[in-house]
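[1] Sequence first, then the predicted structure, then my questions.
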Amino acid sequence: MESASARELVLSELVTVPDFPEPGIRFRDLTPAFANPHAFRVIVDTLTAKCGAIDAVAGVEARGFLLAAAAAYATDTSLLAIRKKGKLPGSVLTESYDLEYGNDALEISPDHAPPGTRVLLVDDVLATGGTLAAAARLLTRAEYVVAGVGVVLELAELNGRSALPGQDIHAILTL
Ligand SMILES: O=P(O)(O)OC[C@H]1O[C@H](OP(=O)(O)OP(=O)(O)O)[C@H](O)[C@@H]1O
Ligand SMILES: Nc1ncnc2[nH]cnc12
């Protein structure tokens, strides 16, 4: 169970925007929480406290990068960038996925950490789970171990957990 303070901080800073980025979507904007230095610190500390031993933190472009960079710095571990298709040079692994408002593909450079690297995978929002499931597939194909999945906000009605069977998922706030 999450501490009330982290959950309450996120809840107090969360902004819901109707019909963005397209009609029918209730967009959950966490950038105000990231702009609050106390809230951002508590968020990063909570995400990193909830996983076991790790060697790296992976973040999903773009909003996941904000969290992953801070979490990797805080834990003194490797930072792994999971990017949208076409942004990484050289040899990459690719996974396509669907999300609440479209589809896309993610890529990773597979040789930036050794096989067996224990990775905490982070993002801001878990909605349908398409994004994090594709990211977890990339990490597995790169021969890393997904030690945990951390998100700030889980949208339970979209059942994203079902896309991540067997993963240890921690959400600071679930709506
Ligand atoms: O669980 P899902 O249904 O896959 O949705 C969650 C994803 O959607 C958002 O990213 P988005 O693709 O909008 O990109 P951005 O971070 O570049 O804004 C969010 O940051 C998650 O990565
Ligand atoms: N409703 C939503 N709000 C913010 N980010 C999202 N990613 C997918 N669905 C989202």
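    Arrived safely, thanks for sending. Ligands and ions are numbered 1, 2, ... in the order given.

[2] if you go through this protein in chain order, where are the strands?
    Along the chain, the segments classed as strands by DSSP state E run 15-18, 26-29, 56-60, 78-84, 93-99, 102-108, 118-126, 145-154, 169-174.

[3] could these go into a markdown table alongside mean pLDDT?
    What follows is the strands of the chain, written out as a markdown table (pLDDT from 0 to 100):
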| stretch | mean pLDDT |
| --- | --- |
| strand 15-18 | 98 |
| strand 26-29 | 98 |
| strand 56-60 | 98 |
| strand 78-84 | 98 |
| strand 93-99 | 94 |
| strand 102-108 | 95 |
| strand 118-126 | 98 |
| strand 145-154 | 98 |
| strand 169-174 | 98 |
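
[4] So the residue nearest the centre of the chain versus ligand 2, what's the distance?
    Closest residue to the average C-alpha location of the chain: D123 at 1.6 Å, with CA atoms, centre = their mean. When CB to the nearest ligand atom, to the nearest Å is the yardstick, D123 and ligand 2 sit 9 Å from each other. The C-beta positions use only the backbone N, C-alpha and C, and glycine is treated the same way.

[5] which parts of this protein sit against ligand 2?
    Of all the residues in the chain, those in contact range of ligand 2 (CB under 6 Å from any ligand atom) are I25, R26, F27, R28, L99, E100, V125, A127.

[6] Quick check: the farthest pair among those?
    When CB to CB is used, the two most widely separated members of the residues of the chain next to ligand 2 are R26 and L99, lying 14.3 Å apart.

[7] Compare neighbour counts for those two and give me the winner.
    L99 (17 against 12; other CB atoms under 10 Å).

[8] What residue, apart from its backbone neighbours, is nearest that one spatially?
    G130 (4.7 Å; CB to CB, 6 or more residues apart in numbering).

[9] cool, R7 as well?
    Distance criterion CB to CB, 6+ apart; nearest residue to R7, sequence neighbours excluded, is L173 at 5.2 Å.

[10] and if you look at D29?
    Once flanking residues are discounted, D29 sits nearest to V15: 4.3 Å by CB to CB, 6+ apart.

[11] How about G90?
    In space, G90 comes closest to S109 once its chain neighbours are excluded; the distance is 6.4 Å by CB to CB, 6+ apart.
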